[in-house]
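> how would this look folded up:
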Amino acid sequence: MANGVVGRLQLPNLKRRMPEAHEMMKPVFVFFTLALIANLATAQPVVPAPVLPESLKWFSPPGNALLRAAWVIGTERQAGTYLLRVVLAKGGKIAPHTHPDTRNSTVLSGTLYVGFGNTVDESKIVAIP
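Got it, this is the predicted structure:
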C-alpha cells in the first residue's frame, strides 16, 4: 500500500467502448470502495473459542445411568449446527428410537454396536469400531 492507495479499478475496454458507462461506474465504485473500507475498519477479529472438556455439562437421560451426554455446540432444539458428545458405558444400551434429521456419529474409542429399525434384532446388529 503505497501513498495510501488501496487499489485501482481499471476498465480500459469499457472506457474506450462505452465512455458514458465508464463515467456511470465511477460513483458506484467509490461507494463500494468506501463501504469496504468502512467494513474493514469496524470488523471485529474472529477469536477462536475452544470448548474445553471441563466446561461440558454432562447429563444422563432418566432411567439410563450407563449413558452420559453433553452438548458441545448448540442443541437439537435450536436451528443450526449442533454437536452432542455421548459416553456409553460398557454394557450400556440405547432403546430403539428415530430422529427427525440426519445424524452423523463418530466412535472415539471402543466399539459401538448399532441396530437399525423399530425393534431390537440382535442378528442385524452392526459393529462400528
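
> now for this protein, the helix or strand with the poorest mean pLDDT.
helix 12-17 (a mean of 51; mean pLDDT, DSSP states H and E).

> how far away is the residue nearest to Ala89 when sequence neighbours are not counted from His97?
Nearest non-adjacent residue to Ala89, counting by CB to CB, 6 or more residues apart in numbering: Leu66, 4.1 Å away. From N, CA and C alone the C-beta is placed, and that goes for glycine too. Distance from Leu66 to His97, counting by CB to CB, to the nearest Å: 16 Å.

> of those two, who's got more company?
Higher neighbour count among Leu66 and His97: Leu66, with 13 against 6, using other CB atoms under 10 Å.

> leaving out chain neighbours, which residue sits closest to Gly80?
Of all residues beyond its chain neighbours, the one nearest Gly80 is Gly74 (5.6 Å), with distances taken as CB to CB, 6+ apart.

> apologies, that question was intended for Lys124.
Gly115 (5.9 Å).

> right, and that neighbour touches Ala127 too?
No: in this structure Gly115 lies outside contact range of Ala127 using CB atoms under 8 Å: 10.9 Å.
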